[in-house]
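S.K.: pasted the sequence and its predicted model underneath.
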Amino acid sequence: MLAQRWTSDTRGSGSKIGDVLEFWFGDFYQKFEVKALKPGKLVHWKATKEGVDEWAGTEITFLLSTDEVQTLVRFRHLGWKENSDFLRTARGSGPLSC
């Protein structure tokens, strides 16, 4: 899902709390530490200081809910220090396909 929506160049492991993931966007990257994992329910990452200054300390969550037909993914990227051009380019739009 992330490879289709964000970037296909990911490195590291996100299988347990404390793991570090890297997301590469051409020449720059951002590292995220896994803060919480609840299989089928929640993924929570926090951006480290390694990467883009504007992203440091921001937090990403994926809240998952399912019914008989579909899975709903609620994506949030919170904690921006200011409303900058970088924030606007980091936002996605439209539905995610899983």
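M.R.: Received it, and whenever you're ready, just let me know what you need.
S.K.: C-alpha only now, for contacts and for neighbours.
M.R.: Will do.
S.K.: buried residues in stretch 67-83, which are they?
M.R.: The neighbour-count check on stretch 67-83 (16 or more other C-alpha atoms under 10 Å) flags V73, H77 as buried.
S.K.: distance from that stretch to the middle of the chain?
M.R.: Its chain's C-alpha centre and that of stretch 67-83 lie 9 Å apart, by C-alpha atoms, centre = their mean, to the nearest Å.
S.K.: give me the residues contacting that stretch.
M.R.: Identification of contacts with stretch 67-83 by C-alpha atoms under 8 Å, 6 or more residues apart in numbering yields 54-55, 57-66, 87, 96, 98.
S.K.: just the buried ones from those residues?
M.R.: Buried, going by 16+ other C-alpha under 10 Å: E54, W55, G57, T58, E59, I60, T61, F62, L63, L64, out of those.
S.K.: my guess is the last one meets H44, correct?
M.R.: Spelled out, it's L64. No: L64 is beyond contact range of H44, at 11.4 Å (criterion: C-alpha atoms under 8 Å).
S.K.: what number of residues lie near F23?
M.R.: Using other C-alpha atoms under 10 Å, F23 is surrounded by 20 other residues.
S.K.: in TSV: the buried ones among the contacts of stretch 67-83, plus pLDDT, secondary structure and distance to A36.
M.R.: Output for these, formatted as TSV (pLDDT from 0 to 100; DSSP: H, G, I helix; E, B strand; the rest coil; distance: C-alpha to C-alpha, whole Å):
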residue	pLDDT	secondary structure	distance to A36
E54	88	helix	22
W55	90	helix	19
G57	95	coil	15
T58	94	coil	14
E59	95	strand	11
I60	94	strand	11
T61	95	strand	9
F62	93	strand	10
L63	95	strand	11
L64	94	strand	13
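S.K.: ok, so of those, who is nearest F25?
M.R.: If you rank those by distance to F25 using C-alpha to C-alpha, W55 comes first, at 13.4 Å.
S.K.: contact partners for the closest one?
M.R.: Q30, A47, T48, K49, W80.
S.K.: buried among those? Make that a ChimeraX selection.
M.R.: The buried subset of the contacts of W55, as determined by 16+ other C-alpha under 10 Å, is captured in ChimeraX by this line:
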select :30,47,48
